[in-house]
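>>> Could you look at this predicted model? Sequence included:
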Amino acid sequence: MPSFLFAIRLSVVCHCVAGYPDEFGHPIYDTKRTELGELLFRLKYRSDQSVLEELIDIIEHFLNSWKPTIDFIIPVPPSQPGRVYQPVLDLAQKLGNRLDLPLKPECIIKVKNTPELKNVFDFDERYRLLTGAFRGDSTWAGERNLLLFDDLYRSGATMNAITEVLYEEGYANGVYALTITRTRSRT
């Protein structure tokens with residue numbers, strides 16, 4: 001397990017504020033989302049691209065108050081590569097355009113198929129599944145400050161695994177992690 005953690009992220013805003021199992025106790029939730037969580041939900045699960053500009057406005061405002069020194073943005077590789085619409089990539093591209101920062105998704109390459117982690121609740125198991133799943137490219141990442149960008153933060157296992165690779169194989173100078181919201185956790 002990596003020995004580093006992320007210092008700051010936008011994910012202090014929760015995706016959901018409450019959820020309740022149905023009347024039989026099944027894990028089907030009547031979810032109450034935050035305003036930001038609702039925007040992301042609409043984009044990610046309803047393909048409602050009308051919320052993109054509002055999400056980018058919020059992210060830009062946060063980054064302008066945080067002021068990290070960033071050379072470029074690296075979107076976390078999508079968990080479902082075959083999905084027609086990839087909201088993380090679209091958000092990262094629009095954010096890069098707005099901030100005049102290039103996107104360098106090629107800095108991190110997914111080299112091993114992994115199961116979707118949304119149903120894996122143990123951090124150590126999530127991290128084990130991600131071990132060896134990514135490779136870093138020092139051509140782009142070396143000696144640079146990178147913004148690792150994802151839409152949802154659950155346990156940090158994916159971002160930790162990628163950050164470890166960016167430092168060890170990509171020789172990154174610094175890695176800043178940014179997510180839009182934090183999911184409700186079952187742990």
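Thanks, I have the structure now.
>>> which residue ranges form the helices in this structure?
35-46, 52-66, 87-99, 123-130, 138-141, 157-168 (DSSP state H).
>>> If you average pLDDT over each of those, which is lowest?
Ranked on mean pLDDT, the bottom entry among the helices of the chain is helix 138-141, at a mean of 85.
>>> what's next to that one, contact-wise?
72, 74, 104, 106-108, 166, 169-172 (CB atoms under 8 Å, 6 or more residues apart in numbering). The way it works is simple: take the backbone N, C-alpha and C, and place the C-beta from them, glycine included.
>>> Show me how far it is from its chain's centre.
20 Å (CA atoms, centre = their mean, to the nearest Å).
>>> can you tell me which residues contact the residue nearest to Thr163 when sequence neighbours are not counted?
Spatial nearest neighbour of Thr163, excluding adjacent residues (CB to CB, 6 or more residues apart in numbering): Val175 at 4.8 Å. Neighbour list for Val175: 145-146, 148, 163, 166-167 [criterion: CB under 8 Å, 6+ apart].
>>> which of those lies closest to Phe41?
For Phe41, the nearest member of the contacts of Val175 is Leu148. The distance, counting by CB to CB, is 22.0 Å.
>>> residues in contact with the residue positioned nearest the centre of the chain?
Residue closest to the average C-alpha location in the chain (CA atoms, centre = their mean): Asp150, at 1.7 Å. Each residue near Asp150 by CB under 8 Å, 6+ apart is listed here: 75-76, 88, 158-159, 177-180.
>>> in stretch 77-90, what's buried?
Under the neighbour-count criterion of 16 or more other CB atoms under 10 Å, stretch 77-90 has 77-79, 86-90 buried.
>>> what does that stretch rub up against?
Taking CB under 8 Å, 6+ apart as the rule, stretch 77-90 contacts 40, 43-44, 47, 49, 52, 75-76, 105, 108-110, 114, 116-118, 134, 149-151.
>>> What subset of those is buried?
40, 43-44, 52, 75-76, 105, 108, 110, 114, 117, 134, 149-151.
>>> and which of the residues you listed is nearest Arg33?
Of those, the one sitting nearest to Arg33 (CB to CB) turns out to be Leu40, at 8.3 Å.
>>> Can you give me every residue that contacts the closest one?
So Leu40 contacts 15, 51, 55, 87, 151-152, 180-181 (CB under 8 Å, 6+ apart).
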